[in-house]
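1. Take a look and give me a structure for this.
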Amino acid sequence: MEELIGFVASNNKLSKILAVLDSKGPMDSTTIAKTTRIVGADKGIEELLARKLLKTEGNKYALTELGIQVNHKLRGVR
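-> Next up is the predicted model:
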């Protein structure tokens, strides 16, 4: 868990993606990119999927239970 928190905390794009999905719910990659104003958000989404912090729900992405825990710990750290 600490390793994942450090990984996300060191990358502002990833922490933005987690935060927006936590607050607004599942979104597709285009909406995530527009909402977070991240160019190339797809790369970050893939990294989060690979680390089991995101899951796919149809054509949308949502936080896994682990993703929710990491995001909440991060917000506590900031």
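2. low-scoring pLDDT stretches of this protein, where are they?
-> Within the chain, the stretches with pLDDT under 70 are 77-78.
3. Residue 61 pairs with what?
-> Beta-bridge partners of residue 61, counted by DSSP bridges, are residue 27, residue 56.
4. so who does it touch?
-> By Cβ atoms under 8 Å, 6 or more residues apart in numbering, the contact list for residue 61 reads 21, 26-29, 32, 45, 49, 54-55. (Each C-beta comes from the backbone N, C-alpha and C, glycine too.)
5. List buried residues within these.
-> Neighbour-count burial within these applies to 21, 26-27, 29, 32, 45, 54-55; the criterion is 16 or more other Cβ atoms under 10 Å.
6. and those as TSV, adding distance to residue 69?
-> Below are the buried ones among the contacts of residue 61 laid out as TSV (distance: Cβ to Cβ, whole Å):
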residue	distance to residue 69
21	13
26	17
27	20
29	23
32	20
45	19
54	13
55	14
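7. Residue 76 versus the most far-flung residue of the chain relative to its centre, what's the distance?
-> In terms of distance from the mean C-alpha position of the chain, residue 58 ranks first, at 16.8 Å (Cα atoms, centre = their mean). Residue 58 is 31 Å from residue 76, where distance means Cβ to Cβ, to the nearest Å.
8. okay, now residue 62: neighbour count?
-> Residue 62: 16 surrounding residues under other Cβ atoms under 10 Å.
9. Helices of the protein, start to end?
-> Remark: helices assigned in the chain by DSSP state H are 2-9, 12-24, 29-36, 41-50, 65-77.
10. Show me what the first one is packed against.
-> Helix 2-9 sits against helix 12-24, helix 65-77, with contacts defined as 3 or more Cβ pairs under 8 Å, 6 or more residues apart in numbering; DSSP states H and E.
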